[in-house]
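A.B. asks: Sequence and predicted structure are below.
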Amino acid sequence: MNDFDIHEFLDQHRRKDLLRFITCGSVDDGKSTLIGRLLFDTQQVFEDQLAAVERDSRKYGTTGDAPDLALLVDGLQAEREQGITIDVAYRYFTTERRKFIIADTPGHEQYTRNMVTGASTARAAVVLVDATRGVQVQTRRHSYLVHLLGIEEVLVAVNKMDAVDHDRETFEDIERTYSEFAHQLGIERFRCVPVSALTGANVTRSSEEMPWYEGPTVLEWLETVPTGARSDAEGAMRFPVQYVNRTRSDFRGFCGQMARGSVSAGDEVVVLPSGRRTRIREVLLHGESVEAGRAGQSLTLTLAEEIDVSRGDMLVHSDRLPRVGDLFDARVVWMHDRPLLPGRQYDLKLGASEVPGTPEIIHHRIDVNTLEHHPVEQLDLNEIGYCRIRTSRALPFDSYETNPSTGSFILIDRVTNLTVGAGMIVRPVTDPVSDKSENVVWHRQSVDKRSRATQKAQRPAVLWFTGLSGAGKSTVANALEQALFQRGHHSYLLDGDNVRHGLNRDLGFSDEDRVENIRRIGEVARLMADAGLVVLSAFISPFRADRALVRELMEDGEFIEIHVDAPLEVCEQRDPKGLYAKARAGVIRNFTGIDSPYEPPRDPEIVVDTSKLSVDECVEELLGYLKRRGILIG
Amino acid sequence: MGESPRMTHLEALEAESIHIIREVAATAQRPVMLYSIGKDSAVMLHLARKAFAPGRLPFPLLNIDTTWKFREVYEFRDRVASEPDIDLITHRNVEGLEQGINPIDHSPGVHTDVLKTQALKQALSKHRVEAAFGGARRDEERSRAKERVFSFRDRQHRWDPKNQRPELWNLYNPRVADGESIRVFPLSNWTELDVWQYIHLEDIPVPALYFSAERPVVDRNGMLIVVDDDRLPLEEGEEPRMERVRFRTLGCYPLTGAIRSEAETLPEIIHEMLLARSSERQGRAIDHDAASSMEQKKQQGYF
Ligand SMILES: Nc1nc2c(ncn2[C@@H]2O[C@H](COP(=O)(O)OP(=O)(O)O)[C@@H](O)[C@H]2O)c(=O)[nH]1
């Protein structure tokens, strides 16, 4: 250490980043030994601590003469003796590249509560599997909880490889089994590493004992795995106002830790839930003006206008709004002996907002071992339930999946003040019964497509009838709309009568005009679908490219192309408006099927052949189809 | 600093600590920041100033004065107290001092209990404090590893290990009933190395006792005790001699031992720390009692 340059060291140390990870394993999988190994090999252990461990090793150790590294991290003698519950212990170590914070959760009872607590701040997880026992029920449970808390980086440490002769097949079997249920759980990325915590093989050093393994060691993985900082910085701006700083009479600043995205001076922002708009005057980092603030930083923002902003509000960019609402479905982990009862009021803390909140319904309980859903009346300690929660006023929030820091909350018992539950929002719920007025004031988009459609008990859709003139588009579309109307659905039929004479009366029948005609109809259909309606359109729309264009305008699954088919001869025979005759006679030009092409759909959602089916039969066919597709509910 | 989305670990720790400090300022009626004059207090105060800049600290500092700190430490404290943005309350256990409790004639345990723990409780009750910041870190000692950031204390200021609240995400629960309180540790996730590194980077003033200098010392019970004034009665044959020493931690004189050192600058201190083979608490007589002594002290209300 003589040629060691402290200034170089300091410079390097200054530039390290931070990774928080959790270790999970059942009792005796070797978790403590693994952590002890990481601390020991990265020289985080002082002599006096080691002496204490050696002393304890003689008393409690399981490793013979060698110091039992597990005792380095146990330090829980008092707890063991007094039966004190600890939920998470935090350990620290550092390498040349990173500083690490380990959330170490003891693997006893209370496991769910402890693990959820530890995992809530972790960005990576090390799941231990004992090679001598293989993948266990607990492994599934740990992995489920890791996934539930949204941890995307998972390392499976297959430990005690020394006890199975460093056998490759044993390892690969475990890897295969794990891979199967990781897939079931929806864990996208994970890496299996064969290790021996006892000897350090593949923990901090590559293992000579397992030359067949070519991947990273546990430490290498930890040093290179993404810390999550990048994705946080890239998302939509979320700034929960934590504290209003008026400690000087000439200053008013809004303090908070940027949950996601970034903000710059001059940005237009919306204050939620009020919906007031203003501009950022200054972004202050520790009192210094900076150009931009970003996710993770504790900032102070000043605003261009004196508007009312208080703790619990959220500042966001106007083009990427979160939900504002008072009703949502969430996964709730229960953490207290007294069960969660539906209908009971708790205080809910989400970001810097604290409001009364009531779990109204428990949809089901999720068994962490089998992932099965069970109907339940209450949630007991360590149980996870899928619940509907109503807050006493509307809050801005996101789903936990898209944004953990604005999609997570805790529940506080109003009498004992204890933290009794933790929740992760899955989705907002639109409640047609509740008073909408509160939702409407804050922003025009608070009543959105989905809420408008839900109110009408249907999914918006565009039923696009295409076919030759005289094929029966208008007749079938009219009959279908009548059937929809009778069933209480909200619909609107666009056809030549109501479009050609108004909106599109400036258009003729040239190819260009036909394209513009369809484009306009498509846009109108889109607006109507946005209004929550089932839109029927009955136009020849002869060109594939134009229909594809309209399809593009709609959300996935919303555009339903219905080919009203009948052979040209049949259509020409029917000729209800005498148009074929005129076309044949050359009186009208550019008539589809005669001197202008019709491109039949290659892949329509459904075809009805009016030369074989009656109008009623066509309608029956279409209704059946719409029900199967979930467009008509009930 | 602004260009990359990546934060360094010190920036991340800093942001977290500031979040914690502001959370207390936003939710507590009468918070105080315990100010023990050591390096951790110095960092905590620095972070608090950052948290509210360009405004002022919205709470006072509280110094529990055992009267047994080094003179230099008191001078340092008085300098801080004279700064315009600082409101510093000093509290002593007057009854304890009147009873003549001191660290020379009484055991470290008694001294600490009466002049520190009892004094702290008196002060918190007197000022009806429901949230008090402390500079403790989880890496200081094995049993602190599981300590919450918001550590709940009952009406008797006792820490009930069975009644602590789970802490998830950054959603702290600051609720207390009348008479109960919370101790808040904004530096929970900092290590000793982080603290020194940050002091160096941010140029934070700390008492000179942390730096090596010639000081009069005697050897006692395996500890190097600095003779700071004539309150330390010398034992038979003890002769103070000058040595280059410094302190890793500033406890009460004469309970805290000095270490032999040549480190006169922050980089030298950090360098020495990296080479050190013992943890910082080793120099404190009070921690030697029993393996789980910290647990017991906490249950009684020690910080
Ligand atoms: N053979 C072998 N034994 C191990 C290994 N890692 C841990 N153990 C032993 O497994 C037992 C449980 O280890 P411990 O770390 O206390 O497990 P924890 O309960 O998961 O923290 C102890 O007897 C360890 O010595 C390993 O890599 N190989």
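C.D. replies: That came through, no problem. Numbering: from 1, shown residues only, chains lettered A, B, ... in the order given.
A.B. asks: Based on its surroundings, how many neighbours for residue A:494?
C.D. replies: Using other CB atoms under 10 Å in any protein chain shown, residue A:494 has 22 neighbouring residues. In short, each C-beta sits where N, CA and C put it, glycine included.
A.B. asks: Can you tell me the element the nearest residue to it once chain neighbours are set aside falls in?
C.D. replies: Once flanking residues are discounted, residue A:494 sits nearest to residue A:537: 4.4 Å by CB to CB, 6 or more residues apart in numbering or on different chains. Using DSSP states H and E, the element containing residue A:537 is strand A:534-538.
A.B. asks: State the distance from the residue nearest to residue A:494 to chain B.
C.D. replies: Going from residue A:537 to chain B by CB to the nearest CB, to the nearest Å gives 46 Å.
A.B. asks: May I have the residues that are in contact with that residue?
C.D. replies: A:462-465, A:477, A:493-495, A:521, A:525 (CB atoms under 8 Å, 6 or more residues apart in numbering or on different chains).
A.B. asks: Show me what it bridges to in the sheet.
C.D. replies: Residues in a beta bridge with residue A:537, per DSSP bridges, are residue A:464, residue A:494.
A.B. asks: circling back: distance to residue A:206 and pLDDT for the contacts of residue A:537 - can I get that in TSV?
C.D. replies: Shown next, in TSV, are these (distance: CB to CB, whole Å; pLDDT from 0 to 100):
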residue	distance to residue A:206	pLDDT
A:462	59	95
A:463	63	96
A:464	61	96
A:465	67	96
A:477	70	95
A:493	71	94
A:494	68	93
A:495	73	86
A:521	66	93
A:525	62	94
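A.B. asks: Now the residues you listed in a markdown table, please, with extra columns for distance to residue B:234.
C.D. replies: Formatted as a markdown table, the contacts of residue A:537 follow (distance: CB to CB, whole Å):
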| residue | distance to residue B:234 |
| --- | --- |
| A:462 | 97 |
| A:463 | 101 |
| A:464 | 101 |
| A:465 | 106 |
| A:477 | 108 |
| A:493 | 106 |
| A:494 | 104 |
| A:495 | 109 |
| A:521 | 102 |
| A:525 | 98 |
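A.B. asks: filter these down to the ones near the ligand?
C.D. replies: Among the contacts of residue A:537, no residue lies close to the ligand (CB under 6 Å from any ligand atom).
A.B. asks: May I ask which of these has the most neighbours?
C.D. replies: residue A:464 (30 neighbours).
A.B. asks: residue contacts, it?
C.D. replies: A:525, A:537, A:541, A:547, A:550-551, A:559-562.
A.B. asks: Among these, name the ones in helices.
C.D. replies: Within the contacts of residue A:464, residues falling in helices by DSSP state H are A:525, A:547, A:550-551.
A.B. asks: top of the residues you listed by neighbour count?
C.D. replies: In terms of neighbours by other CB under 10 Å, the ones in helices among the contacts of residue A:464 top out with residue A:525 at 26 neighbours.
A.B. asks: Give the residue spans of the stretch 1-150 of chain B that score low on pLDDT.
C.D. replies: Judged by pLDDT under 70, the stretch 1-150 of chain B has its weakly predicted residues at B:1-5.
A.B. asks: Please enumerate the strands of it.
C.D. replies: Listed in chain order, the strands of the stretch 1-150 of chain B (DSSP state E, counting those that start in this stretch) span residues B:31-34, B:61-64, B:88-91, B:131-133, B:150-153.
A.B. asks: cool, the stretch 201-303 of chain B as well?
C.D. replies: B:213-220, B:223-226, B:241-246, B:259-260.
A.B. asks: Buried deepest among these, which one?
C.D. replies: The highest average neighbour count among these, using mean count of other CB atoms under 10 Å in any protein chain shown, belongs to strand B:223-226 at a mean of 20.
A.B. asks: Please name the residues that touch residue 34.
C.D. replies: Picking chain A for this. Here residue A:34 is in contact with A:23, A:126, A:128, A:157, A:159, A:195, A:197, A:203, A:218 (CB under 8 Å, 6+ apart).
A.B. asks: let's do chain B instead
C.D. replies: Contacts of residue B:34 were listed using CB under 8 Å, 6+ apart, and they are B:41, B:61-64, B:120, B:132-135, B:303.
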